[in-house]
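Engineer: Turn this into a model:
(chains A, B, C and D)
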There are 2 protein chains.
Amino acid sequence: MNASAELRRSGFRATVVLYGLALAALVFILKYVEYRFLIRDLSVEVYIGVVAVLFTALGIWVGSKLLAEKKNVVPAEPPHLLDEEALRLPAGQAGSLGISARELEVLRSMANGHSNQEIADKLFISLATVKSHSSNLFGKLEVRSRTQAVLKAKAVGVIP
Amino acid sequence: MNASAELRRSGFRATVVLYGLALAALVFILKYVEYRFLIRDLSVEVYIGVVAVLFTALGIWVGSKLLAEKKNVVPAEPPHLLDEEALRLPAGQAGSLGISARELEVLRSMANGHSNQEIADKLFISLATVKSHSSNLFGKLEVRSRTQAVLKAKAVGVIP
DNA sequence: GCGAGATCCATACCAAAGGATGAGATCCGG
DNA sequence: CCGGATCTCATCCTTTGGTATGGATCTCGC
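Structural biologist: Reported below is the predicted structural model:
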């Protein structure tokens, strides 16, 4: 039940190629028919109809391909940016990525599932400050959300 | 937008009806465009191109629906899973917490740091549906945020 | 067939998160 | 002493997340 997920793996390129080839073939056939049988003598409607049928068939075929592939797919989540690239350390910054002590505290709280407000209360600072820290944190971790931040922090060992 | 999802489940009769309606709609649109913008001034190739795209989309739509029919039975289990995983991953609300297969997919995506919108795109469903699933998920996991959901899900072993 | 569960979707609404900018206070090494 | 880093906070604004409600299909088991 996850077509795009499957596509990201291996079937994507192949599918695109096949689709492109099929498309090219169809166009070729159309042009051939057009000049071969002087399609101009026929009404445009007929021509359109042929095209419609052909491309509908193509669409069904492609759709079949897509769904056929995902039938054997493990419901597992395909590794995305966080699991592959993003988790790789930028080849610098040994352990800490320039994360300050306070930021680390915020990060830890964040990793425990606390909201910004809860973190603020726990650290006796204002919500604005927590936001400030977390925002800087996201920049240093190169992520865009707290969930990603927690994942990456754990991945790079900043957080247990 | 989410064509495949839209048709995921519907009977054969419904499929035929929908197809007919879609076809009629397309024809209507084509004729409308034809007379409205004097399509004749454009090259036939352009016209054909539009038709091709539209009907290819239609085909994919229908194809997806047809293929999705028999896919509903089993969400496709992976070839080899560890016994432990196999016991807690089975689709359907097995031992876990009454978490359904679809909810589990959302949960997994969530655990990889994806936003609701990204999850929606990946699963070919709307944002509203993702929100619906995640909301139910939070209830079953007894949490109030996605970060907590991921933590608890991992703690309970629902996800690795 | 009918009810229960699952999936899907929409809309409205409120809360939270995140981004951008600016700024005052403190501390510390050069 | 000065500049930089850190910590703090505020304000405005946009996006995202989460809840609630309700409705539509479709599947499956009784």
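Engineer: where does A:Gly113 land in three-state SS?
Structural biologist: Put simply, A:Gly113 is coil when judged by DSSP: H, G, I helix; E, B strand; the rest coil.
Engineer: isn't it right up against B:Arg146?
Structural biologist: No - counting by Cβ atoms under 8 Å, no contact exists between A:Gly113 and B:Arg146, whose distance comes to 9.2 Å. In this view, the C-beta of every residue, glycine as well, is placed from N, C-alpha and C.
Engineer: So between those two, which is more surrounded?
Structural biologist: Between A:Gly113 and B:Arg146, counted using other Cβ atoms under 10 Å in any protein chain shown, B:Arg146 has the larger neighbour count: 23 against 19.
Engineer: Kindly list the main-chain dihedrals of the more buried one?
Structural biologist: With angles defined as degrees, to the nearest 10, B:Arg146 sits at phi -70, psi -40.
Engineer: quick one: is stretch A:99-111 near DNA strand C?
Structural biologist: No - between stretch A:99-111 and DNA strand C, judged by Cβ under 7 Å from any atom of the strand, nothing touches; the nearest distance is 7.5 Å.
Engineer: Run through who's touching that stretch.
Structural biologist: With contacts defined as Cβ atoms under 8 Å, 6 or more residues apart in numbering or on different chains, stretch A:99-111 is touched by A:96, A:118-119, A:122-123, A:130, A:133-134, A:136-137, A:140-141, A:146, A:149-150, A:153-154, A:158-159, B:147.
Engineer: One more pass at 6 Å, please.
Structural biologist: Contacts of stretch A:99-111 with the rest of the structure, by Cβ atoms under 6 Å, 6 or more residues apart in numbering or on different chains, involve A:119, A:133-134, A:137, A:140, A:146, A:150, A:153, A:159.
Engineer: Equivalent analysis for stretch A:115-131, please.
Structural biologist: Under the contact criterion Cβ under 6 Å, 6+ apart, stretch A:115-131 has outside partners A:106, A:109.
Engineer: that older thread, so which pair among the contacts of stretch A:99-111 is furthest apart in space?
Structural biologist: The largest distance within these, taken as Cβ to Cβ, falls between A:Ile119 and A:Lys140 and amounts to 17.0 Å.
Engineer: Mind checking which of these two has more residues around it?
Structural biologist: Neighbours were tallied for A:Ile119 and for A:Lys140 using other Cβ under 10 Å; the higher tally belongs to A:Ile119 (23 against 19).
Engineer: Which positions in stretch A:110-122 come out as buried?
Structural biologist: For stretch A:110-122, the buried set under the neighbour-count rule, 16 or more other Cβ atoms under 10 Å in any protein chain shown, comprises A:110-111, A:113-116, A:119-120.
Engineer: Actually, stretch A:145-157.
Structural biologist: Under the neighbour-count criterion of 16+ other Cβ under 10 Å, stretch A:145-157 has A:146-153, A:155-156 buried.
Engineer: Briefly note if it comes near DNA strand D.
Structural biologist: Yes - contact of stretch A:145-157 with DNA strand D (Cβ under 7 Å from any atom of the strand) involves A:Ser145.
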